[in-house]
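Asks: sequence first, then the predicted structure, then my questions.
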Amino acid sequence: MFSYRHAFHAGNHADVLKHTVLIAMLRHLTQKEAALTVLDTHAGAGLYRLDSEFADTSGEAAEGIQRLLQASDGEALAPALQDYLELVASFNAKGSSRVYPGSPFIIQRLLREHDRLKLYELHPTDAKTLEANVAQLDAGRQVAVLREDGFGCVNKFLPPPSRRALLLCDPSYEIKSDYARVVTMATEALKRFATGTYAVWYPIIPRPEAHDLPRKLKTLATKAGKPWLHATLTVKSSKITSDPTGEAKRPGLPASGMFVINPPHTLKGALQPALPQLVKRLGQDRNAAFTLDSGG
Ligand code: SAM
């Protein structure tokens, strides 16, 4: 456990999808005056340097947000993508893209003073960095960092006092049991607070647990009589190829998905024009594609 560090992956195509969906949800959820509680079950370090040693090693942002920033084929970007890029840009000096905000900072930027944000992070180094980053915000009671198991947040914080909540569940899936824990947590969350918005990110990789996860979440939502939305983005083939020396070349993460139970009714409309543009701009081969389904 704990070999995963999000700094290697910050700003990659999975972050682009996840954070675009996150921002679109928050834009809607912060329109009503009543306080919103946001639970970020796997928060990471909060802020990342794209020119750091970590980011340089894998260069994943180069195939994610950087491609979106560079693309200029004359076609205007969908409002949800513009919103995403503008929010990331607001963490940077004009014209630079050194800093990438993780989910904690993206969420906090969009909250009102009376909203609440609970950030869970277990990695000792990342939790420390997150605490230090959050301290700079001077956000007082608005933001709390918990060095605890994020899957435990449901019993602690649901239902929230104002009866409005968004939960983002973004595990590293380093341990196979994370897939089952996501489903158990979503089941429990719906039981305790049926009207919360529950968003789960997952990798699309050739592994049965990953394949089954959205299917299980869909069954859960359908049985509970709750609406759901499922968006996926594939940027390349998942096939293992070989380099000229015959050495196996793993493709890296080829695709990912976001499954949302009780999505804001505006989310599908926001993603419809955005996803084809992500395919066009982030796609690396002819396998690039998106899906956008909803039900309930
Ligand atoms: N949500 C972040 C973002 O979008 O910027 C990225 C999170 S990263 C994919 C997953 C994080 O979860 C890692 O930093 C890892 O250390 C942490 N983690 C792993 N297991 C955890 C657990 N059970 N509870 C809380 N954090 C955990």
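Replies: Cool, got the structure.
Asks: ok, which residues in this protein are in contact with the ligand?
Replies: 4, 6, 18, 42-44, 102-103, 120-123, 126, 149-151, 170-172 (C-beta under 6 Å from any ligand atom). For glycine as for every other residue, the C-beta is placed from the backbone atoms N, C-alpha and C.
Asks: mind checking which of these land in strands?
Replies: Of these, the ones assigned to strands by DSSP state E are Y120.
Asks: filter the residues of the chain next to the ligand down to the buried ones.
Replies: 4, 6, 18, 42-44, 102-103, 120-121, 123, 126, 150-151, 170-172 (16 or more other C-beta atoms under 10 Å).
Asks: where does the prediction get shaky in the stretch 51-200 of the chain?
Replies: 53-58, 71-72 (pLDDT under 70).
Asks: how about 50 then?
Replies: Counting by pLDDT under 50, the stretch 51-200 of the chain has no low-confidence residues at all.
Asks: out of the buried ones among the residues of the chain next to the ligand, which sit inside helices?
Replies: 18, 103, 126 (DSSP state H).
Asks: which among the residues you listed gets closest to Y84?
Replies: K18 (10.2 Å; C-beta to C-beta).
Asks: and the closest one, what does it touch?
Replies: Listed by C-beta atoms under 8 Å, 6 or more residues apart in numbering, the contact partners of K18 are 103, 170, 201, 256, 258.
Asks: do that again at 7 Å, thanks
Replies: 170, 201, 258 (C-beta atoms under 7 Å, 6 or more residues apart in numbering).
Asks: could these go into JSON lines alongside distance to D285?
Replies: Shown next, in JSON lines, are the contacts of K18 (distance: C-beta to C-beta, whole Å):
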{"residue": "D170", "distance to D285": "26"}
{"residue": "W201", "distance to D285": "23"}
{"residue": "M258", "distance to D285": "22"}
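Asks: what's the burial count for Y198?
Replies: By the criterion of other C-beta atoms under 10 Å, Y198 has 28 neighbours.
Asks: bridging residues for A231?
Replies: M258, L292 (DSSP bridges).
Asks: what is the neighbour count of it?
Replies: Using other C-beta under 10 Å, A231 has 26 other residues around it.
Asks: gap between it and the ligand?
Replies: 15 Å (C-beta to the nearest ligand atom, to the nearest Å).
Asks: state the pLDDT value of that residue.
Replies: As predicted, A231 sits at a pLDDT of 98.
Asks: just H6 next, same as before
Replies: pLDDT, H6: 80.
Asks: list the contacts of it.
Replies: 44-45, 102.
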